[in-house]
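Colleague: whatever this is, show me its structure:
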Amino acid sequence: MASSRLALRTSPRRGNGPVAPWVVAVALLLVSGCDRRAGGPNDLPVPVTVVTLKTQAVSLTRELPGRTTAYLVADVRPQASGIVKARLFREGSNVKAGQPLYQLDDTLYRAQVKSSEAALAKAEAAAEVARLGAQRAAELMKTHAISAQDNDNAIALERQAVADAAAAKAALETSRVNLAYATITAPISGRIGKSSITPGALVIANQSAALATIQQLDPIYVELSQASSEWLRLREEIDAGRLRAGGAGTLVGIILEDGRRYSHDGRLEFADVTVDTSTGSFALRVLVPNPSDVLLPGMYVRAILTEATAAEGLLVPQVAVAHDSQGRATAMVVGESNKVEQRDLKVTRALKDQWLVDAGLRAGDRVIVEGLQKIHVGSVVNPTEATVPAAAASPGPQPAP
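Modeller: Below you'll find the predicted structure:
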């Protein structure tokens, strides 16, 4: 190459005129390029950040929408007819079972009680007369002063008088019950709503229209619905032994309409055994403490229900998982000799910022979470363990794409 440079400098000029400066410059560039040694691509390992997977117990939860319903509901209806004299409660207040709510005009019922008391006294007096007559007839029968027929008649009259007295006593009890019905009381304890009648209104015994409604709100029910397809998939995992099922009594978290977590957790009461043919779902009921009446009937809430537990769950950060247009999930893993391998995964649900892996990875695999844009399958990398551990599983699972 040195001889080439010498030849370039000493070779005689052909033709007329000096050599153009740009020709010299191009020649020098070509010559200098020849002096450089041929170099290949950079074969140094690519630095990446990895997370080493470990198995852990993972609670599989499902967030379901629901509505609150009262624990007990009772409509207040009159069992006696009459004019309402007074309303004895404040609308929207809490009432106790047996507390008077309405007072009807009871003049007629009090008169009926007095009439029944008099009828009972008369019947009891007649029964006493019949008893004494039967005793005398029995004494006379011993001396054959009366016939057996007369003695039998005296005994029958006594029994009839006793029966009449019992009927009069029952009529008195009925009159007293009707008098008590003139005071309409609360059938259950709870929050009473708006009154549908005012003093002076006429009410009829056992009418269809309720005077007011009482709802017991502590505790309160949350009615949920879950798709039967999700339950079948869960049952398959449980039957295969990969999951341990939850059941009645499982704690359930409640999320309010404004996104806040309710301060009291509920408990799963029961799951219905009938699937709604129109929606393909079945009902779940959760019993939730409500001491401060924060939850009101008809409110929309979300319930975080623990469906099952994976004793050896495997979680991988979502940033390490890619999905193609068909929804297939893949991840890059550092294999032997620090070479990059691609794994096809099976993921079913997300737990916060992680995927729960069903297949494709195992404990001890080093999954690449940073530097993915600089590598490809077969690349040699220099892995560094992530300094911040993967976030723990949290409620709020979502189905995999």
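
Colleague: next, count neighbours for Ile83.
Modeller: A count of nearby residues for Ile83, using other CB atoms under 10 Å, gives 12. (Glycine included, C-beta is placed from N, CA and C.)

Colleague: what kind of secondary structure is it in?
Modeller: Of the three states, Ile83 takes strand under DSSP: H, G, I helix; E, B strand; the rest coil.

Colleague: that one reaches Tyr102, doesn't it?
Modeller: No. With contacts counted by CB atoms under 8 Å, Ile83 stays clear of Tyr102, the gap being 10.6 Å.

Colleague: can you work out which residues contact both of those two?
Modeller: Common neighbours of Ile83 and Tyr102 (criterion: CB atoms under 8 Å, 6 or more residues apart in numbering): Val203.

Colleague: which strand runs longest in the chain?
Modeller: Counting residues, the longest strand found in the chain (DSSP state E) is strand 55-76.

Colleague: can you pull out the helices in the stretch 51-200 of the chain?
Modeller: 107-142, 148-181 (DSSP state H, counting those that start in this stretch).

Colleague: let's have the ones you listed in a markdown table, adding mean pLDDT, distance to Ser208 and mean neighbour count.
Modeller: As requested, the helices of the stretch 51-200 of the chain are exported to a markdown table (pLDDT from 0 to 100; distance: least, CB to CB, whole Å; neighbours: other CB atoms under 10 Å):
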| stretch | mean pLDDT | distance to Ser208 | mean neighbour count |
| --- | --- | --- | --- |
| helix 107-142 | 93 | 23 | 15 |
| helix 148-181 | 93 | 17 | 16 |
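
Colleague: residue contacts, Leu345?
Modeller: By CB under 8 Å, 6+ apart, the contact set of Leu345 is Val316, Val321, Ala329, Thr330, Ala331, Trp355, Val357, Ala359, Gly360, Leu361.

Colleague: for the fifth one, grab the count of nearby residues.
Modeller: Think Ala331. Ala331 has 24 neighbours, counted by other CB under 10 Å.

Colleague: report the beta-bridge partner residues of Thr384.
Modeller: Beta-bridge pairing for Thr384 (DSSP bridges): Thr49.

Colleague: wait, isn't it in contact with Thr52?
Modeller: No. Assessed by CB under 8 Å, Thr384 is found out of contact with Thr52, at 11.2 Å.

Colleague: Asp293 reaches Arg191, doesn't it?
Modeller: Yes. If you go by CB under 8 Å, Asp293 and Arg191 touch, sitting 7.2 Å apart.

Colleague: so which of those two has more stuff around it?
Modeller: Each of Asp293 and Arg191 has its neighbours counted (other CB under 10 Å); Arg191 has more, 18 against 11.

Colleague: need the contact list for that one.
Modeller: Gly92, Ser93, Asn94, Val95, Ile214, Gln215, Gln216, Leu217, Asp293.

Colleague: could you do Ala80 as well?
Modeller: Neighbouring residues of Ala80 by CB under 8 Å, 6+ apart: Leu104, Tyr109, Asn178, Tyr181, Ala182, Ala205.

Colleague: and what of Val377?
Modeller: Taking CB under 8 Å, 6+ apart as the definition of contact, the neighbours of Val377 are Met332, Val340, Glu341, Gln342.

Colleague: going by secondary structure, Ala283 is in what exactly?
Modeller: strand 281-288 (DSSP states H and E).
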